[in-house]
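Student: Compute the structure for the input listed below.
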Amino acid sequence: MSQQVELTATPRSITGTGPVKAIRGEGLVPGVYYNGQGENILVQIPELALSKAYEKVGLSHVLTLKIDQDGKVIEKPSLIRELKRHPFKRQILHVDFLGIDLTKKIRVDIPVRITGKCKGVVLGGVLNVFREHLTIECLPLAVPDAIVIDVTEMEIGQNLQVADVKAPEGVSVVYDENFSVVGVATPEAEAEAEAAEGAQA
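Tutor: Numbering: from 1, shown residues only. Here you go, the predicted structure:
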């Protein structure tokens, strides 16, 4: 993330199903800011602004939550920890913000992005991505948008293990056991795998 996202919230004293429903009717989303030091602040945020911020930061990038308290704005570096939506509408029902220390490393899940024209696929193989997200650890402002994997030189029958995934400087990929992230299968092996899946369905 090259540009820091800012989101302004105001404190709320209203709780309970009825009053909170009224807040939502005004285009506001009830939420909670909390951190590891026990601080807990009930807030409300304009839904449109929250939706736009979430599109940029998701659940893995830092935003600056600006809480306006009695005319004094307090800035809180935060992650969106959870965002709840209506079961069949796009309406945001609630949001949780986790306050973080920008000097301490965090763990978040980020997407895997495949790049390159795979040599094995050119020769007839089938590219399989086994993990679409990986867990990383780094300082909050160093979280990359994705882990980029270049499959150009991968051949048929070759798998790339998570232990061999290259991350940007200052970023570590976190895992307990080594596993395959991406691989190139023969057409025959892919057909057998699909047939086995079909038999189990």
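Student: For residue 77, give the beta-bridge partners.
Tutor: residue 64 (DSSP bridges).
Student: Now for it: which residues touch it?
Tutor: Neighbour list for residue 77: 62, 63, 64, 65, 99, 100, 101, 102, 140 [criterion: Cβ atoms under 8 Å, 6 or more residues apart in numbering]. Bear in mind the C-beta positions are built from the backbone N, C-alpha and C, glycine included.
Student: go with 6 Å
Tutor: Going by Cβ atoms under 6 Å, 6 or more residues apart in numbering, residue 77 touches 62, 100, 102.
Student: Also residue 187?
Tutor: For residue 187, the contact set (Cβ under 6 Å, 6+ apart) comprises residue 124.
Student: Now residue 111: which helix or strand?
Tutor: Assigned by DSSP states H and E, residue 111 falls within strand 106-115.
Student: mean confidence score for that strand?
Tutor: Averaged across strand 106-115, the pLDDT comes to 96.
Student: CA atoms only for that strand - export them in PDB, please.
Tutor: The C-alpha coordinates for strand 106-115 follow below in PDB (Å, rounded to 0.1, in the frame of the first residue of the first chain):
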ATOM      1  CA  ILE A 106       1.800  -8.500  12.700                       C
ATOM      2  CA  ARG A 107       0.500 -11.600  10.900                       C
ATOM      3  CA  VAL A 108      -2.000 -11.300   8.100                       C
ATOM      4  CA  ASP A 109      -3.200 -13.400   5.200                       C
ATOM      5  CA  ILE A 110      -2.600 -12.000   1.700                       C
ATOM      6  CA  PRO A 111      -3.400 -13.300  -1.800                       C
ATOM      7  CA  VAL A 112      -1.000 -15.300  -4.000                       C
ATOM      8  CA  ARG A 113      -0.500 -13.700  -7.500                       C
ATOM      9  CA  ILE A 114       0.700 -15.900 -10.300                       C
ATOM     10  CA  THR A 115       2.800 -14.300 -13.100                       C
END
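Student: List the buried residues in it.
Tutor: Residues 106, 108, 110, 112 are the ones in strand 106-115 that count as buried (16 or more other Cβ atoms under 10 Å).
Student: Likewise for stretch 159-170?
Tutor: Residues of stretch 159-170 classed as buried: 160, 162, 165, 167 (neighbour count, 16+ other Cβ under 10 Å).
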